[in-house]
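> Give me coordinates for this.
(2 chains)
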2 protein chains.
Amino acid sequence: MTDLPKAVLSIIHGRKSVRSFKEGGKAVPKETLDEIIKAAFAAPSAMNLQPWHFIIIDNRSILDALADGLPYAKMLYGASAAIIVCADTKTSELAWELDCSAASQNILLSVEAFGFGAVWTALYPQKELVSFVKKLFHLPENIIPLNVIPIGYPKGEEAPKNKYAAQKVHINKW
Amino acid sequence: MTDLPKAVLSIIHGRKSVRSFKEGGKAVPKETLDEIIKAAFAAPSAMNLQPWHFIIIDNRSILDALADGLPYAKMLYGASAAIIVCADTKTSELAWELDCSAASQNILLSVEAFGFGAVWTALYPQKELVSFVKKLFHLPENIIPLNVIPIGYPKGEEAPKNKYAAQKVHINKW
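Here you go, the predicted model:
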């Protein structure tokens, strides 16, 4: 294997859900957040409709307000930034969940490549969580927040899982 | 930027939907398909439920049968292999579309890293396409095929798009 696939696979396999961030750890530089967001835009989308929007949060009190209201995203208290991946459901009625998920995966992989840690904390399809974030950010009716991705400097507690399962690989037939 | 983020971002931004494959072009080696599938398994999933299955197709007549029945996947006639990403909807009722989309993105990025080309041709949520593939492969009731990803050696006709749109980036507020 040459160096390029090796590098990419090392990040794909090295990515893990990071839920514990170093207090006082290195903050995510603005330029790095910009690169991560640009990576998100590079995802494919059904009929190239690109139904995504991204909210970057690097304001301490907004990160804390999100953590207050989201039972599964308490790690936001220790995160130095977060990205909310949103869908414009008017732009793509059928496939926005898929498109925004591909964009989210680009975010997670870029974060890992830059040496930071992140985790996909789901909002959609949990109605109360979606509704809390819609209210907090006064999102338009047609905008649905898919997830909140807290980003920070990892404590180093989490390791990637090996999830390969040969019985889930089918060759030429089920 | 150090070499690792640079390499990963080059693949994220270099990935494009490849719809024209070189006739008689280099076939995708079995070992490469295995690496691509392993990358798919490394995706995150809601509550770590890993609801995915993968069908690898490298049989010419099955690739052609798929192309015959799928109006938007005629490039399968020229592909040397394909992967069908499936969801076990019993394993994860709520979030299988999201999880399988993240796995699909890992597939597309790995294909690009190895120098091959691929394209996400949607099945779900188009009922007739899903139903055609379910019948062709005799898939169990609870298994839904999300997409077919043809893979081959690119003719070099497609280039990545720059889809960055500053108005879709929101800082700390909508």
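
> max-length helix in chain A?
Ranked by residue count and defined by DSSP state H, the top helix of chain A is helix A:96-113.

> Quick one: work out the angle between that one and helix B:96-113.
50 degrees (axes from the mean of the first three to the mean of the last three C-alpha atoms, to 10 degrees).

> which residues of chain A fall in strands?
Assigned strands in chain A, in chain order: A:52-57, A:81-88, A:117-118, A:121-122, A:143-152, A:169-171 (criterion: DSSP state E).

> Return the most buried member of the ones you listed.
Highest mean neighbour count of these: strand A:117-118, a mean of 30 (counted as mean count of other C-beta atoms under 10 Å in any protein chain shown). For the C-beta atoms, the positions are set from N, CA and C on the backbone; glycine is no exception.

> follow-up on the earlier one: so how far is the longest helix of chain A from its chain's centroid?
6 Å (C-alpha atoms, centre = their mean, to the nearest Å).

> The residue in chain A that chain B sits nearest to - nearest residue in space that isn't next to it in sequence?
Closest to chain B within chain A is A:Ser101: 3.5 Å, counting by C-beta to the nearest C-beta. Excluding the flanking residues, the one nearest A:Ser101 by C-beta to C-beta, 6 or more residues apart in numbering or on different chains is B:Ser101, at 3.5 Å.

> cool, A:Ile56 as well?
Nearest to A:Ile56 is B:Ile171, by C-beta to C-beta, 6+ apart, at 5.3 Å.

> Next up, the contacts around the one you found.
B:Ile171 sits next to A:55-56, A:58 when contact means C-beta atoms under 8 Å, 6 or more residues apart in numbering or on different chains.

> Mind putting those into a markdown table with pLDDT?
Listed next are the contacts of B:Ile171 as a markdown table, based on pLDDT from 0 to 100:
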| residue | pLDDT |
| --- | --- |
| A:Ile55 | 98 |
| A:Ile56 | 98 |
| A:Asp58 | 96 |
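
> Can you get me a residue count around A:Arg15?
22 (other C-beta atoms under 10 Å in any protein chain shown).

> now swap in A:His13 and tell me
A:His13 has 18 nearby residues by other C-beta under 10 Å.

> doesn't B:Ala43 make contact with it?
No. Assessed by C-beta atoms under 8 Å, A:His13 is found out of contact with B:Ala43, at 10.7 Å.
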